[in-house]
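Enquirer: pasted the sequence and its predicted model underneath.
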Amino acid sequence: MSIQVPGEESGVGPDRAADEEMRREQEFIDMLYERLGELRAGAGAAVQGALAVADAGTMQARLERDVTVAEQAGVLAALDAGEHGLCFGRLSFRDGADHHIGRIGIRRDDAAHTPLVIDWRADVARPFYLATGHTPMGLRRRRHISTEGRRVTALHDELMDLADTVRTGHEGTDADTVLLAALDAARTGRMHDIVQTIQAEQDRIIRAPHRGVMVVEGGPGTGKTVVALHRAAYLLYAHREVLARRAVLIVGPNPAFLGYIGEVLPALGETGVLLASPGELFPGITATGTDTPEAAAVKGGAAMADALAAYVRDRQRLPEPGTVVPHEDGDLLLDPDIVLEARHQARETKLPHNLARPHFAFRIIDALTAQLADRLGADPYGGPNFLGPDDIAQLGKAVAASHEVHAAIADLWPVLTPQELVADFLAEPVHLPEVDAAAIRRESGDGPVEWTAADIPLLDEAAELLGDDDSAAQAAAEAERQERIAYAQGVIDLAYASRTHEFEGKDDEDSEVLGVQDLIDAELLADRQEEADHRTAAERAAADRTWAFGHIIVDEAQELSAMMWRLLMRRCPTRSMTLVGDPAQTAEPGSCGTWESILTPYVGDRWEHVRLGVNYRTPAEIMEVAAAALRAAYAGTPQAEAFEPPRSVRSTGVPPWSEHTDDLPRAVAEAVAREAGTEGRLAVIAQQQHHEALLAALPAASAGPAPDLTSPVVLLDPRQAKGLEFDTVLVAEPAEFGVSDLYVALTRATQRLGVVHTQPLPAGLEGLTTR
Ligand SMILES: Nc1ncnc2c1ncn2[C@@H]1O[C@H](COP(=O)(O)OP(=O)(O)OP(=O)(O)O)[C@@H](O)[C@H]1O
């Protein structure tokens, strides 16, 4: 077999031919950006045009405008996303097919709308991620195209068919060159997408069918977060009809983390996603308080659901025997038996507390009316009651209008809000073991409740138990709807009138031209008008506690409490979920345990479990140290057996180090100064009690509850560091860290790790190179 080196055919040298390949790709990319520009201009003009039409003021025009603006705004967002790294790959198939692969799909402006670049999520793009020499999937050659802005900087070709004799001059000796370059790049404080380098094991998770629950487990840096985000992008692409309407919810541990990952989906052209931390999942409330670990554990426990349910029943009281309600026709006796019966009937409805209340009230009013009628209409000689049905109805109205009767009903079965119920419960927790009650009790005089993240699922549970008493809101909405229908009918009538005018002289009755009244009725038109809500599905979902999401992705899922799982399952009735986590990184005391114990109550055994085993973040030298620390901490426990650290995909040759000191802030500041001038970001990870002193020594560091992660130096506590990564990490006083916190802190670095300490090092870290 002879191999055809580049340029052999044309008589030019290999370098020239390689340059020629670059030039051709650059031409293609230039043409692509030109087309992108046209499409953007088109979408912009469509929005402008639609807004201009709206000036005409007709309802139909407004309707069309809303649809156009919404559609084109989405198109524009996607096109804007294409600005960076628009095209990053090319697939040449053995059958002659040839496709460029990009962040978004773009078509030519021809009659067939020929694809110019294929969206990375399309099926035809799959070999880009999955093909190997062993299973080439019909590929002849796979090309990675690296760009800076709009300029092509490098091509990396992989020959999938070794019998192929054609060479381009860009065949890399190492197929992982592009991946390693991405992993080695300096960090920016924001997560980036990985469309160019998704690995096969990750691709299978990203494209897994969206029905059911999928658990993705993997050690630090295995790409769980980034894979979950690409899965969201893929699902929105593959099931746009459903998911764009129902939105995807992504739950991450805290707002700083959400800020860190927040740019990935927009960069992939996707905006139909709501990102929220557990403290933000009850609309209208932002959790700003903190719980003790014991309180968080109790509040998160499944027993809280029963305790709250029992507490709601406690609020459906019985009166003291002999309770009377003053009434203009004489006192009414509110007998416990009457109330017991009314309460029974109301509870039998199985409605939530506030919605069952009218049933309770109705029965009380009925019983008191009967009592009054017996008294007022009684025949002293024992004959039948004098009062007829009309008289009794009048009496009933008077009882129902009585303030005293209302007050008595409100006392026995009050209307409650979730906030009131939970605040009252926390002031005097009941139906819990005393030690648990003591852990969560708020002292009276603590001022208004400052809600914590662990309170959010309690509020949600309370809202479920109470039910929204939205009858007034519903009545108002219906009145408004009737008004819209009347308005829409007016529009249709007008349209009909103008049609008669327009088609004058033609046979109206038999005309085949359809008018607006043939296509749409007033009610439908009114409803469609109502749907023209300019908020995106994600925005509407954020404001609606009862919103049912199309898919939910939970990051750091191992941290969530049983109560939080109840909340999330309510938000996703279809149970279409992707849960990612690492049990070895569990820090929260209220977290729920094994995946089985979390999921079985909701989906039985209908869930899938996959593992990611390659660490793309932490170099081997650092991963070894982190694994040694965790192994030492686990020694002698069953976890030691099960622990399997991820394999690092690269090593840097830079050994992690430790420094013993008498002056922690000074030593940390000096270590930070030594790093000055290196590219990227540095994090100091220390327990909160050191932050003041450390910040005094590091005045330029960003710290606090919402640190700016793009700042060159950031000061974090171990919990804040979860899920994040930095080029350099300095861990201060590791002896003060819990086991999993230490493991998290040690695995945040992409390049360099140092440990500064005054106290003895925790077991497993003794082997660090000393400074
Ligand atoms: N295929 C890939 N190509 C390029 N970079 C990747 C790839 N997979 C993962 N990475 C990078 O590896 C780093 C770690 O990924 P990620 O944060 O998603 O891991 P994780 O499993 O969630 O980690 P942890 O549990 O420690 O928070 C990120 O910088 C991510 O972009």
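Expert: Great, that's in hand.
Enquirer: rest of the way, CA atoms for contacts and neighbours
Expert: Will do.
Enquirer: contacts only, for the closest residue to Phe386 other than its chain neighbours.
Expert: Nearest non-adjacent residue to Phe386, counting by Cα to Cα, 6 or more residues apart in numbering: Gly377, 4.8 Å away. Taking Cα atoms under 8 Å, 6 or more residues apart in numbering, we find Gly377 in contact with 385-387.
Enquirer: quick one: which of these has the most company?
Expert: Sorting the contacts of Gly377 by how many neighbours each has (other Cα atoms under 10 Å) puts Leu387 first, at 16 neighbours.
Enquirer: helix, strand or coil: sort out it for me.
Expert: Secondary structure of Leu387, reduced to three states by DSSP: H, G, I helix; E, B strand; the rest coil: coil.
Enquirer: the strand or helix carrying Leu421: which residues count as buried?
Expert: Taking DSSP states H and E as the criterion, Leu421 maps to helix 418-427. For helix 418-427, a neighbour-count test (16 or more other Cα atoms under 10 Å) marks 418-419, 421-423, 425-427 as buried.
Enquirer: can I get those residues in TSV including distance to Thr369 and pLDDT?
Expert: Output for the buried residues of helix 418-427, formatted as TSV (distance: Cα to Cα, whole Å; pLDDT from 0 to 100):
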residue	distance to Thr369	pLDDT
Pro418	33	95
Gln419	34	94
Leu421	31	95
Val422	35	96
Ala423	36	94
Phe425	35	96
Leu426	38	95
Ala427	38	92
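Enquirer: quick one: which two of those residues are the most distant?
Expert: Pro418 and Ala427 (14.1 Å; Cα to Cα).
Enquirer: which residues of the stretch 101-250 of the chain score low on pLDDT?
Expert: Along the stretch 101-250 of the chain, the parts satisfying pLDDT under 70 run over 165, 172-175.
Enquirer: so which bits of it are right by the ligand?
Expert: For the stretch 101-250 of the chain, the contact set with the ligand under Cα under 6 Å from any ligand atom comprises 179, 182-183, 192, 194, 197-199, 219-226.
Enquirer: scan the residues you listed and report the most crowded one.
Expert: Of these, with other Cα under 10 Å as the count, Pro220 tops at 30 neighbours.
Enquirer: my read: that residue touches Pro646, true?
Expert: Yes: if you go by Cα atoms under 8 Å, Pro220 and Pro646 touch, sitting 7.3 Å apart.
Enquirer: mutual contacts of those two, please.
Expert: By Cα under 8 Å, 6+ apart, Pro220 and Pro646 have these common neighbours: Asn615.
Enquirer: sorry, back to before: among the residues of the stretch 101-250 of the chain next to the ligand, which are in helices?
Expert: 179, 182-183, 224-226 (DSSP state H).
Enquirer: hang on, the earlier thing: near the ligand, from the buried residues of helix 418-427?
Expert: Within the buried residues of helix 418-427, nothing lies near the ligand by Cα under 6 Å from any ligand atom.
Enquirer: from those, which is closest to Leu742?
Expert: Nearest member of the buried residues of helix 418-427 to Leu742, counting by Cα to Cα, is Leu426, at 33.0 Å.
Enquirer: you'd agree the closest one is up against Ala439?
Expert: No: contact between Leu426 and Ala439 fails when scored by Cα under 8 Å: they sit 10.0 Å apart.
Enquirer: quick one: least confident helix or strand in this protein?
Expert: When the helices and strands of the chain are scored by mean pLDDT, DSSP states H and E, helix 516-519 comes last with a mean of 47.
Enquirer: so for the chain, the centremost residue is which one?
Expert: Taking Cα atoms, centre = their mean as the criterion, Ile250 is the residue nearest the geometric centre of the chain, at 1.4 Å.
Enquirer: do you know how far it is from the ligand?
Expert: Distance of Ile250 to the ligand, given as Cα to the nearest ligand atom, to the nearest Å: 13 Å.
Enquirer: extract the C-alpha set from the helix or strand encompassing that residue and format it as PDB.
Expert: Per DSSP H and E, Ile250 falls inside strand 248-251. What follows is strand 248-251, C-alpha atoms only, in PDB (Å, rounded to 0.1, in the frame of the first residue of the first chain):
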ATOM      1  CA  VAL A 248     -36.100  22.400  32.300                       C
ATOM      2  CA  LEU A 249     -35.100  23.100  35.900                       C
ATOM      3  CA  ILE A 250     -31.500  22.800  37.000                       C
ATOM      4  CA  VAL A 251     -30.900  22.700  40.700                       C
END
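Enquirer: give the pairing partners of it; include direction for each.
Expert: strand 273-276 (parallel), strand 551-554 (parallel) (DSSP bridges).
Enquirer: tell me which helix or strand comes right after the last one.
Expert: Towards the C-terminus, the helix or strand next in line after strand 551-554, according to DSSP H and E, is helix 562-571.
Enquirer: tell me which stretches of the stretch 501-650 of the chain form strands.
Expert: 551-554, 577-581, 607-612, 614-615, 647-648 (DSSP state E, counting those that start in this stretch).
Enquirer: okay, these in CSV with distance to the ligand, mean pLDDT and mean neighbour count next?
Expert: Output for the strands of the stretch 501-650 of the chain, formatted as CSV (distance: least, Cα to the nearest ligand atom, whole Å; pLDDT from 0 to 100; neighbours: other Cα atoms under 10 Å):
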stretch, distance to the ligand, mean pLDDT, mean neighbour count
strand 551-554, 11, 96, 26
strand 577-581, 7, 94, 25
strand 607-612, 8, 94, 16
strand 614-615, 7, 96, 21
strand 647-648, 10, 95, 20
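Enquirer: Serialize these to a markdown table and add fields for distance to Ala538.
Expert: Formatted as a markdown table, the strands of the stretch 501-650 of the chain follow (distance: least, Cα to Cα, whole Å):
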| stretch | distance to Ala538 |
| --- | --- |
| strand 551-554 | 12 |
| strand 577-581 | 17 |
| strand 607-612 | 26 |
| strand 614-615 | 32 |
| strand 647-648 | 37 |
